[in-house]
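K.L.:
Turn this into a structure:
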Amino acid sequence: MKSIKKTFLVIGGSSGLGLEISQSLLDLNQNVGIISRSISKSIKLSPSFVHYKYDLINDNIYSLMEYILSKYSHISGICFCQRYRPRVSNTASMSEEFNLLVESTNSIIEILTNAQSA
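P.N.:
Here you go, the predicted structure:
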């Protein structure tokens, strides 16, 4: 029985759990888009793999998602594995950075929800 090839996005797929999930999906011959600041050298590259260099705090999520949705007609699943590593030392700035991360995550969900219902 032939399985249907699906497309998955893994946010924070360059290390840890995100890397393991990405690699497992690639091993199952699925399309995988990894969104992260950098890419792990340990991932097995394949034609089903695309890396999107992106920083959830500093970059524009709308333009990235617009580009991704122009490449794929349907996203079958999304996995949020990004971790928060503060780049500042004071508490007020940490809260602001964390809120930006949450807002970016919410924006991704909103963009994909709107695209899938269109």
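K.L.:
what helix or strand does residue 109 sit in?
P.N.:
According to DSSP states H and E, residue 109 maps onto helix 91-117.
K.L.:
Packing partners of the least confident helix or strand in the chain by mean pLDDT?
P.N.:
Within the chain, confidence by mean pLDDT, DSSP states H and E is lowest for helix 91-117 among all helices and strands, at a mean of 79. With contacts taken as 3 or more CB pairs under 8 Å, 6 or more residues apart in numbering; DSSP states H and E, helix 91-117 sits against helix 61-71, strand 77-80. C-beta here means a position set from N, CA and C on the backbone, and glycine is covered the same way.
K.L.:
The helix holding residue 109 versus helix 61-71: what angle between them?
P.N.:
30 degrees (axes from the mean of the first three to the mean of the last three CA atoms, to 10 degrees).
K.L.:
How about helix 91-117, which residues are buried there?
P.N.:
Buried residues in helix 91-117, counted by 16 or more other CB atoms under 10 Å: 97, 101, 104, 105, 108, 111, 112, 115.
K.L.:
hey, what's the closest residue to the fourth one other than its chain neighbours bridged with?
P.N.:
If I follow you right, that is residue 105. Among residues not flanking residue 105 along the chain, residue 80 sits closest, at 6.1 Å (CB to CB, 6 or more residues apart in numbering). According to DSSP bridges, the partner residues bridging residue 80 are residue 11.
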